[in-house]
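[1] Let me see the structure of the following:
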Amino acid sequence: MNITELVKKDCCGCSACMNSCPRDCITMKPDKEGFLYPVVDEKQCVDCGKCGKVCPVLTRKPADNQPKAYLVRNKNSDLRQSSTSGGFFAAAAEYVLDEGGCVYGVGFDEDFKVRHDMIESVSDIKKFNRSKYVQSEIGLTYRKVKEMLGSGRMVLFSGTPCQVEGLLSYLGRDYDNLYTMDIICKGVPSPKFWKKYLSWHRKKSGREIREVRFREKTYGYGSTTMRVIYDDGSEYDEPFDVDPMLQFYSKEMISRPSCYNCKVKGKHRNSSFTAGDYWYVSGAAPSMDDGIGVSQVLVNDEHAAAAFEKMRKYLDVAELDFDRDSAINGGMMVSSAKPSPRRDEMFADLDKLSMQGLQRKYFPSTFKLKNRIKRQLRPLMYRTGLLRIYKKRMRKKQSERAARG
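    Numbering: from 1, shown residues only. Presented below is the predicted three-dimensional model:
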């Protein structure tokens, strides 16, 4: 059996099969929705079966561990400000780089395609900071990680849960010099939709794009804002209920099919660390709720725990109760999202309608007068401090509701 016999809806696109093929006869090609799937050159394939053996969907072994849970925030306020939540990835990356290691993470290339890459300098950590709500292209990263591990260098690899599982399955054994970090993942949106979104920006602005920031903290942590900075320095700032990329993602219309039946979600992971947002900070550790962001971190094994102790010098840390806090903050950790009933309809429209046409069809309220007025008031509320007070009260109410169960 080769990997193409896997049911398509279950393929997570991790690229472990391509990396493992000894004859390089597997390539990852986009389907009509823009997601990458393996394509096998049958003339070159010798049916060795390696691709199926490393597939995390087919061969994943459940983790048997008892993670420890922490609430953390990076002591470097600049790094935390430029992170999606509390800056734990930046702290882990700094530790590994200070030890002479290298870090694999997700960044943009010159065309703003989302790809895995490697850094070797602390000054480059910001390239990988912030969420990128697009499925990244792994390429031959797993092979490069294996080469670095074989040379004796310490490696940190970060990615979605399925990408981490793909790497671990590809490697086939434990390495004392490897640390992996997966995220509490909602799903991975379509690269094709992302490409259309970027084209929309260039067309409507008449400018090239210099920088993109998902989850910009313009209005504080928890105010999900998309910021696009153009080459002349002008900026686009819109919240999740206005920006089309965030709208379609938040309403489960553009994620990969396998994300709706994820095979690797769960409280117990094979990764070294699991990191994500923690919305109940006001209840768990009020002194850490400064509106800039915190991270929930699961330390999943003793090897990771030893490294975490060394990372503490970069972090403010509070302990959490794993069973309690993973229950109240772990919906995305354990449960797959449900696709919008209009998902297939939207993808059928993707090549037919403009980005604004898609918004008008699927999110017509975006253009209502009352919503435009609310958007105009938002910066004023931020400048006067009212928005921060409101957000903090909302986080406190979330914590109180969670505590009541």
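
[2] can I see the domain layout of the chain?
    Using automatic domain parsing, the domains assigned to the chain come out as 3-58, 68-188+256-334.

[3] ends of the last one, how far apart?
    End-to-end distance of domain 68-188+256-334: 16 Å, with C-alpha to C-alpha, to the nearest Å as the criterion.

[4] Now do it, average pLDDT.
    For domain 68-188+256-334, the mean pLDDT works out to 92.

[5] mind checking how far it is from the chain centre?
    Centroid displacement of domain 68-188+256-334 relative to its chain, using C-alpha atoms, centre = their mean, to the nearest Å, is 9 Å.

[6] Likewise for the first one?
    Average the C-alpha atoms of domain 3-58, do the same for its chain, and the two points are 22 Å apart (C-alpha atoms, centre = their mean).

[7] Distance check, the closest residue to Ser258 other than its chain neighbours against Ala275.
    Distance criterion C-beta to C-beta, 6 or more residues apart in numbering; nearest residue to Ser258, sequence neighbours excluded, is Cys12 at 4.7 Å. Bear in mind the C-beta positions are built from the backbone N, C-alpha and C, glycine included. Distance of Cys12 to Ala275, given as C-beta to C-beta, to the nearest Å: 19 Å.

[8] give the contact list for the residue nearest to Ser258.
    Each residue near Cys12 by C-beta atoms under 8 Å, 6 or more residues apart in numbering is listed here: Pro56, Val57, Cys162, Gly166, Arg256, Ser258, Cys259, Cys262, Lys263, Val264.

[9] Now list the buried members of those residues.
    By neighbour count, with 16 or more other C-beta atoms under 10 Å, the contacts of Cys12 hold Pro56, Val57, Cys162, Gly166, Arg256, Ser258, Cys259, Cys262, Lys263, Val264 as buried.

[10] Could you dump those residues into JSON lines with distance to Asn74 and secondary structure added?
    What follows is the buried ones among the contacts of Cys12, written out as JSON lines (distance: C-beta to C-beta, whole Å; DSSP: H, G, I helix; E, B strand; the rest coil):
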{"residue": "Pro56", "distance to Asn74": "30", "secondary structure": "helix"}
{"residue": "Val57", "distance to Asn74": "34", "secondary structure": "helix"}
{"residue": "Cys162", "distance to Asn74": "26", "secondary structure": "helix"}
{"residue": "Gly166", "distance to Asn74": "28", "secondary structure": "helix"}
{"residue": "Arg256", "distance to Asn74": "30", "secondary structure": "coil"}
{"residue": "Ser258", "distance to Asn74": "32", "secondary structure": "helix"}
{"residue": "Cys259", "distance to Asn74": "28", "secondary structure": "helix"}
{"residue": "Cys262", "distance to Asn74": "28", "secondary structure": "coil"}
{"residue": "Lys263", "distance to Asn74": "32", "secondary structure": "coil"}
{"residue": "Val264", "distance to Asn74": "27", "secondary structure": "coil"}
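
[11] will you turn those into a markdown table that also has distance to His303?
    Shown next, in a markdown table, are the buried ones among the contacts of Cys12 (distance: C-beta to C-beta, whole Å):
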| residue | distance to His303 |
| --- | --- |
| Pro56 | 20 |
| Val57 | 25 |
| Cys162 | 21 |
| Gly166 | 20 |
| Arg256 | 30 |
| Ser258 | 29 |
| Cys259 | 29 |
| Cys262 | 25 |
| Lys263 | 24 |
| Val264 | 20 |
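
[12] Thank you kindly, that will do.
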